[in-house]
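Asks: Structure of the sequence below:
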Amino acid sequence: MNNVFVKRVLRGAWVCSLLVALLLLAYWLIPLLYPFLIAWFVAYMMNPFVSWLDRHFRLPRWLSVILALLVYFGSAIIVFSAAVTRLVKELIHVTESLDLSIEKWKNAFLEWSQNEKLQNILNEINRFIASHPGYSNTLHKNFDSTAVNISSAISRAVASLLNGVVNLLTSLPSLGIIVLVILLAAFFMSKNWNQNLQLLTRFIPEPFQQTAREIWNDLQKALFGYLQTQFIMISITAVIVLIGLLILGVESAFTYALLIGFVDLLPYLGVGTIMIPWLVYAYVSGDLSLGIGLSILYGLLLVSRQLIEPKVLATSVGLEPLPVLIATFAGLKLFGVLGLIIGPVSLVIIGAIIRAGVVRDLRNYIVSGRLR
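Replies: Below you'll find the predicted structure:
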């Protein structure tokens with residue numbers, strides 16, 4: 001009995017050590033190999049189009065791959081350039097509008113401060129401070145420290161912004177090299193796609209090949225289905241918001257539509273994090289037409305999502321909202337903005353591994369020494 005228990009403990013320690021080693025290896029290798037992972041994803045996405053060119057036009061494989069790269073990357077560059085150009089123009093306009101809004105709020109505050117009742121209250125406060133010099137000194141110190149803190153915060157924000165611009169400009173050459181590496185790697189991977197799959201199969205031991213196939217088939221359905229679902233839902237949200245804001249006559253509608261489409265990644269919260277404060281502000285500021293329009297637009301977004309999302313999710317493996325929210329928050333804390341994608345994708349991968357029976361096989365190995 002003791003001998004069996006010791007063997008189980010040793011096998012459990014071996015499995016835990018192996019898992020930790022694999023995680024550390026992935027943590028170390030991914031920053032080094034991420035261009036090739038992106039290239040593999042590009043090659044995988046291009047493969048159906050490349051195969052279609054092979055079948056219908058009888059082109060050499062290498063020529064089909066080059067044409068596919070030109071179509072995919074050319075389209076991406078055109079769309080990205082147009083989006084960035086429009087976004088920059090609208091951001092400039094938003095900045096100018098923000099300056100006007102600040103001036104408007106300042107004038108409203110000055111007008112409010114001239115109110116007779118408020119002046120009486122301020123006079124009472126001034127008389128109280130004049131009769132208590134200790135409070136006056138304390139208030140002056142607090143005001144001075146607050147002014148210093150605000151000034152330093154603004155200085156840090158400006159310095160951070162300038163450093164970000166400088167870092168972006170200095171990273172352009174290395175970014176160009178990374179894009180070139182991705183293009184070349186995607187070309188060679190796609191050109192020899194079938195040979196690479198056969199070579200990869202040889203490296204996987206025979207007992208694990210069936211499990212690997214199950215994981216891969218599940219990932220193709222779950223992971224790419226999830227990414228496709230998110231892309232479709234974000235696109236639908238952005239298009240509805242763009243059309244609605246254009247009808248309402250809101251300036252910089254394209255920028256707002258992109259922003260609201262992006263925050264739609266957040267489960268449960270989604271577009272409400274922007275739409276609700278916006279429509280409340282419209283009502284409070286007296287712009288009833290904009291408030292009513294935003295309320296109708298928000299209602300349309302909720303209804304359309306409830307009608308469309310189940311049909312879109314039918315093509316992929318659905319995820320419960322709470323685990324997605326936890327994974328999204330964890331990804332955001334660990335990886336920043338990219339964590340909004342990395343977190344849920346990691347959750348999908350873990351789910352595929354569990355459904356393929358990997359956890360079950362590891363448990364069987366620890367208990368009995370056999371995988372199945």
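
Asks: chain center to the strand or helix carrying residue 51: distance?
Replies: Assigned by DSSP states H and E, residue 51 belongs to helix 2-57. Centre-to-centre, helix 2-57 and its host chain are 22 Å apart (CA atoms, centre = their mean, to the nearest Å).

Asks: do stretch 350-363 as well
Replies: Distance of stretch 350-363 from the chain centroid (CA atoms, centre = their mean) equals 27 Å.

Asks: For it, buried residues please.
Replies: For stretch 350-363, burial by neighbour count (16 or more other CB atoms under 10 Å) applies to 351-353, 356-358, 361-362. Using the backbone N, CA and C atoms, a C-beta is placed for each residue, glycine as well.

Asks: Same question for stretch 208-215.
Replies: Neighbour-count burial for stretch 208-215 flags 211, 214-215 (criterion: 16+ other CB under 10 Å).

Asks: Redo these as a markdown table? Include pLDDT, distance to residue 248 and secondary structure.
Replies: Formatted as a markdown table, the buried residues of stretch 208-215 follow (pLDDT from 0 to 100; distance: CB to CB, whole Å; DSSP: H, G, I helix; E, B strand; the rest coil):
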| residue | pLDDT | distance to residue 248 | secondary structure |
| --- | --- | --- | --- |
| 211 | 76 | 54 | helix |
| 214 | 78 | 50 | helix |
| 215 | 79 | 48 | helix |
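
Asks: between the residues you listed, which is nearest residue 149?
Replies: Nearest to residue 149, judged by CB to CB, of those is residue 215 at 53.0 Å.

Asks: Identify the nearest residue to residue 238 in space, disregarding sequence-adjacent positions?
Replies: Leaving out its chain neighbours, the residue that sits closest to residue 238 by CB to CB, 6 or more residues apart in numbering is residue 261, at 3.2 Å.

Asks: and what of residue 340?
Replies: Distances taken as CB to CB, 6+ apart place residue 265 nearest to residue 340, at 5.0 Å, with adjacent residues excluded.

Asks: Sketch out the low-pLDDT regions of the stretch 251-372 of the chain for me.
Replies: Applying pLDDT under 70 to the stretch 251-372 of the chain flags the ranges 266-269, 309-321, 337, 371-372.

Asks: I'd like the next helix or strand past the host helix or strand of residue 289.
Replies: For residue 289, the host element (DSSP H and E) is helix 288-313. Downstream of helix 288-313, the next assigned helix or strand under DSSP H and E is helix 321-335.

Asks: List the buried residues of that following helix.
Replies: By neighbour count with 16+ other CB under 10 Å, helix 321-335 contains the buried residues 324-325, 327-328, 331-332.

Asks: Check stretch 48-60 too.
Replies: Applying a neighbour-count criterion of 16+ other CB under 10 Å, one finds 49-51, 53 buried in stretch 48-60.

Asks: Where does residue 210 sit, in terms of helix or strand?
Replies: Under the criterion of DSSP H and E, residue 210 resides in helix 206-248.

Asks: what helices or strands is that helix leaning on?
Replies: Secondary structure elements in contact with helix 206-248, counted by 3 or more CB pairs under 8 Å, 6 or more residues apart in numbering; DSSP states H and E, are helix 253-263, helix 288-313, helix 339-355, helix 358-368.

Asks: ok, back up a step: tell me the one of the buried residues of stretch 48-60 nearest residue 72?
Replies: The closest of the buried residues of stretch 48-60, once distances to residue 72 are taken by CB to CB, is residue 49, at 7.9 Å.

Asks: how much space between the nearest residue to the closest one once chain neighbours are set aside and residue 77?
Replies: Leaving aside its chain neighbours, residue 49 sits nearest to residue 68 (5.0 Å; criterion: CB to CB, 6+ apart). Distance from residue 68 to residue 77, counting by CB to CB, to the nearest Å: 15 Å.

Asks: neighbour count winner among the two?
Replies: The neighbour comparison of residue 68 against residue 77 (other CB atoms under 10 Å) goes to residue 68, with 24 against 10.

Asks: which stretch of helix or strand covers the more buried one?
Replies: helix 61-113.
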